[in-house]
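> pasted the sequence and its predicted model underneath.
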Amino acid sequence: MKHILVVDDEKNIRDLIEKYLKAEQYEVTTYGDARYLPDETRRLKPDLIVLDIMMPNSNGLEICKEIRKFSEVPIIFVSAKDEAFDRVLGLELGGDDYLSKPFSPRELVVRIKNIFKRLEKQNDQDMMILKNCMVSKTMRVIQVNGESLKVTNKEFEVFVYLMNHLNMPVTREQIIEDLWGYDFEGEDRVVDDLVKRLRKKLKDSHGEVNIETVWGYGYKIEA
């Protein structure tokens, strides 16, 4: 049974989310405060976290940064603010999805299922090797010359996606639609930022795999 942590300072929202998730046979633990969420994540090792951004005693974005220092557990942000900057920042910090309040609990359930499906699909073909880079989907690790790169969940997914499409240019829109499971309203700079960070990490570790820009189109990795 998948275990999901739900963090929101509004009890009615916590209770509603818990009700819908338990109806889908998920184990649910709820919190009204995120200050101890990093410790709880270490202790419980959940499969996914639903995290409110705006809370009186904590900031969900800062909490996400703390969790990303030791875990790649999928995180879905929820927030009363529906601004492009917050959505992009949340994803850049390692979030996997973003929902603006008010939202439908059914939509949240669908997005959670989509994340789990994508993770399962990525594990179908476990090992990929190109030049001096190795990817293990089961371990969710990218290695260069045997040394693991420290990457976020979305950086890992983008790299795997491009590796799965070797020699094939893919658009930013394709990446967004396939990795997030829905249209992201043209905020394709999220992909540009992820690729930029991946390139730097590969370069700093002397990785020989190059993510090429296909001008006016998107990106590709040449075999």
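Structure's in. What do you need?

> which SSE is immediately downstream of the helix or strand of the chain with the lowest mean pLDDT?
Lowest mean confidence among the helices and strands of the chain (mean pLDDT, DSSP states H and E): helix 84-92, at a mean of 66. Following helix 84-92 in sequence order, the next helix or strand is strand 97-100 (DSSP states H and E).

> centroid-nearest residue for this protein?
Asp96 (2.8 Å; Cα atoms, centre = their mean).

> that residue against Glu155, yeah?
No. Asp96 is beyond contact range of Glu155, at 11.5 Å (criterion: Cβ atoms under 8 Å). The way it works is simple: take the backbone N, C-alpha and C, and place the C-beta from them, glycine included.

> need phi/psi at the residue nearest to Ile129 when sequence neighbours are not counted.
Nearest residue to Ile129 in three dimensions, chain neighbours excluded: Val135, at 7.6 Å (Cβ to Cβ, 6 or more residues apart in numbering). Backbone geometry at Val135, expressed as degrees, to the nearest 10, gives phi -120, psi 130.

> and Val135, how far from Lys69?
22 Å (Cβ to Cβ, to the nearest Å).

> quick one, which of the two is more surrounded?
Shown here are Val135 and Lys69; by other Cβ atoms under 10 Å, Val135 has more neighbours (23 against 9).

> wait, doesn't Asp9 sit right on Asp52?
Yes. Asp9 lies in contact with Asp52 (Cβ under 8 Å); the separation is 6.4 Å.

> hang on, the earlier thing: ok, the residue nearest to Ile129 to Thr213 distance?
Taking Cβ to Cβ, one finds Val135 at 21 Å from Thr213.

> make sure Lys65 is indeed in a helix.
Yes. Secondary structure assignment places Lys65 in a helix (DSSP: H, G, I helix; E, B strand; the rest coil).

> and Lys194, what helix or strand is that in?
If you look again at residue 194, you'll see it is Leu, not Lys. Going by DSSP H and E, Leu194 is in helix 189-204.

> pull the CA atoms of that helix into PDB?
Provided in PDB are the C-alpha atoms of helix 189-204 (Å, rounded to 0.1, in the frame of the first residue of the first chain):
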ATOM      1  CA  ARG A 189      11.300  27.600 -19.500                       C
ATOM      2  CA  VAL A 190      10.900  25.000 -16.800                       C
ATOM      3  CA  VAL A 191      12.400  22.500 -19.300                       C
ATOM      4  CA  ASP A 192      15.200  25.000 -20.200                       C
ATOM      5  CA  ASP A 193      16.100  25.400 -16.600                       C
ATOM      6  CA  LEU A 194      16.200  21.700 -15.900                       C
ATOM      7  CA  VAL A 195      18.400  21.100 -19.000                       C
ATOM      8  CA  LYS A 196      20.700  23.900 -18.000                       C
ATOM      9  CA  ARG A 197      21.200  22.400 -14.600                       C
ATOM     10  CA  LEU A 198      21.700  18.900 -16.000                       C
ATOM     11  CA  ARG A 199      24.300  20.200 -18.400                       C
ATOM     12  CA  LYS A 200      26.300  21.900 -15.600                       C
ATOM     13  CA  LYS A 201      26.200  18.700 -13.500                       C
ATOM     14  CA  LEU A 202      27.300  16.600 -16.400                       C
ATOM     15  CA  LYS A 203      30.100  19.000 -17.300                       C
ATOM     16  CA  ASP A 204      31.300  19.400 -13.700                       C
END
